[in-house]
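Visitor: Show me the folded form of this:
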Amino acid sequence: MVYAARVSEPGDARETPPPLTVAASLVALQAVVLLGFAVVEVADLAPERRALGVSTAIFFAIYAALLAASAWALWQLRAWSRGPVLLTQLIQLGLAWNLRDIPLLAIGLAATALLAIAGTIHSDSVAALERDVDDRD
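Guide: Residues are numbered from 1 along each chain as shown. Coordinates of the predicted model:
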C-alpha cells in the first residue's frame with residue numbers, strides 16, 4: 001500500500017496554531033527537565049535513602065513520560081491533552097510560589113507555566129482543539 005504524506009497548507013483546518021506550538025514545546029521542555037531530575041536522582045542514590053531515591057526517580061520518569069505524551073498530543077491537536085497540560089502548569093505555578101526565595105528559579109517556573117497556559121487557552125488553540133472533538137462526532 002502507498003500512503004500519501006499530508007502536506008499542511010496555510011489555512012489547513014488541521015494546522016497547529018503558533019500559540020499551541022509554543023505551549024507544546026514548553027511542555028516538552030518541562031518533560032525533558034523532569035527526566036533529567038529522574039536521572040540525577042538515580043545518580044545521587046545514597047544507601048540510607050535508597051527506597052526514597054528510587055521511588056522519586058520513578059515518579060519523575062513516569063511524570064516526564066506522561067507530560068511528553070501530553071505535549072505530543074497537544075501538538076497533534078488532541079483535545080484530551082489540554083486538561084493534563086493545564087493541571088501541570090497550575091501545579092508548577094504553585095511550586096514557583098513555594099520557591100519564591102530562589103527568585104531566578106521561581107521566575108523561570110512561573111514564566112514557562114504562564115506561557116504554556118496562555119498558549120493552551122489562546123482562542124486559536126481552543127478552536128483547533130475543539131475541531132478534534134467535532135471530527136470524532
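
Visitor: what about the protein, any weak spots by pLDDT?
Guide: In the predicted model, the chain carries pLDDT under 70 at residues 1-14, 132-137.

Visitor: what about the residue positioned nearest the centre of it, helix or strand, and which?
Guide: With distances taken as CA atoms, centre = their mean, Val27 lies nearest the centre of the chain, 2.6 Å away. Using DSSP states H and E, Val27 sits within helix 18-43.

Visitor: I'd guessed the residue nearest to the centre of the chain sits against Leu67; true?
Guide: Yes - applying CB atoms under 8 Å, one finds Val27 in contact with Leu67, separated by 6.0 Å. C-beta: built from backbone N, CA, C; applies to glycine.

Visitor: Apart from its chain neighbours, what residue comes closest to the residue nearest to the centre of the chain?
Guide: Ala71 (3.9 Å; CB to CB, 6 or more residues apart in numbering).

Visitor: State the three-state secondary structure for that neighbour.
Guide: Assigned with DSSP: H, G, I helix; E, B strand; the rest coil, Ala71 falls in the helix class.

Visitor: that older thread, now for Val27 and Leu67: what residues contact both?
Guide: Thr88 (CB atoms under 8 Å, 6 or more residues apart in numbering).

Visitor: before we move on, the earlier item: list the buried residues in the helix holding Val27.
Guide: Residues 19-20, 22-28, 30-31, 34-35, 37-38, 41 are the ones in helix 18-43 that count as buried (16 or more other CB atoms under 10 Å).

Visitor: Please apply the same query to stretch 47-59.
Guide: 53, 56-57.

Visitor: and those residues as TSV, adding secondary structure?
Guide: Formatted as TSV, those follow (three-state DSSP):
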residue	secondary structure
Gly53	helix
Thr56	helix
Ala57	helix
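
Visitor: wait, which of these is closest to Ala118?
Guide: Nearest to Ala118 out of the buried residues of stretch 47-59 is Thr56 (CB to CB; 30.5 Å).
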